[in-house]
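**Student:** Structure, please.
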Amino acid sequence: KCERKAVRDTIIKLSTAFAIHGPRVALFAMEDMGANTHKLSKIKEFLQISHIYVGIIAHRYGLLQKIGDKEISFTEYEYQYMRDRKKEIYFYFKNPDVPVKPKYVEQDPRGKELLDKFKAEVEASHLRVDFSTPAELSTKVAIDISAHIIGLLQESKEKEMELYSKIEGTSESRKVTWQE
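**Tutor:** Residues are numbered from 1 along each chain as shown. Next up, the predicted model:
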């Protein structure tokens, strides 16, 4: 919970920082859904309008949910959904050497197996970024998301300049044609 709060607070700060000159930054989190009985449809709704996915993997797999023909956690479902749509994904792994209370560690053998498999799947496709404290996680998320947004802004500026040059080029050729 502390880690989620750290990420939430960081994204809220980023939304304020980039509000004037950048793309809209909004936060969608599981805790925003409350006891909604239609969580999967809400998750899909949020994911469909999202461009970046931030995931945290610690020591528990999560509750198994029957989704389609398989039983997986919401986190794994979200990851697969965003991966299949080639969206930007950032995953942060809680350092396995950081001591945690047993209640925060997966006890179910099937859950442990699924967690290990999920971690391996994520690590195979994405850079593994470890964190030990909520503050460290917050810093890493801020750096990664800021860099991504700045990249989007630069890309947008380059496209704008390219379009401007095309428009200017068109104007110049018209001037030449008109003057002849």
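**Student:** what about the residue most central in space within the chain, which helix or strand?
**Tutor:** Taking CA atoms, centre = their mean, the centroid of the chain lies closest to residue 53, which sits 1.6 Å from it. Secondary structure from DSSP states H and E places residue 53 in strand 52-57.
**Student:** Tell me which helix or strand comes right after that strand.
**Tutor:** Later in the chain than strand 52-57, the nearest helix or strand by DSSP H and E is strand 65-67.
**Student:** now the angle between strand 52-57 and the helix or strand that residue 151 is a member of, please.
**Tutor:** Assigned by DSSP H and E, residue 151 belongs to helix 134-179. Here helix 134-179 points in a direction 160 degrees away from that of strand 52-57 (axes from the mean of the first three to the mean of the last three CA atoms, to 10 degrees).
**Student:** now for helix 134-179, which elements pack on it?
**Tutor:** With contacts defined as 3 or more CB pairs under 8 Å, 6 or more residues apart in numbering; DSSP states H and E, the secondary structure elements packing on helix 134-179 are helix 2-17, strand 52-57, strand 88-94, strand 129-131. The way it works is simple: take the backbone N, C-alpha and C, and place the C-beta from them, glycine included.
**Student:** nearest to residue 123, of the ones you listed?
**Tutor:** Of all these, it is strand 88-94 that lies closest to residue 123, at 8.2 Å by CB to CB.
**Student:** Run the chain-centre distance for the closest one.
**Tutor:** In terms of CA atoms, centre = their mean, to the nearest Å, the centre of strand 88-94 is set 7 Å apart from its chain centre.
**Student:** Next, the buried residues of the helix or strand just after that strand.
**Tutor:** Note on strand 88-94: by DSSP H and E, the next helix or strand toward the C-terminus is helix 109-125. Neighbour-count burial for helix 109-125 flags 111, 114-115, 118-119, 122 (criterion: 16 or more other CB atoms under 10 Å).
**Student:** can you check stretch 126-144 too?
**Tutor:** 131, 134, 136-138, 140-142, 144.
**Student:** any idea how far residue 57 is from the residue lying closest to residue 40 once chain neighbours are set aside?
**Tutor:** Leaving aside its chain neighbours, residue 40 sits nearest to residue 67 (6.4 Å; criterion: CB to CB, 6 or more residues apart in numbering). Distance, residue 67 to residue 57, by CB to CB, to the nearest Å: 18 Å.
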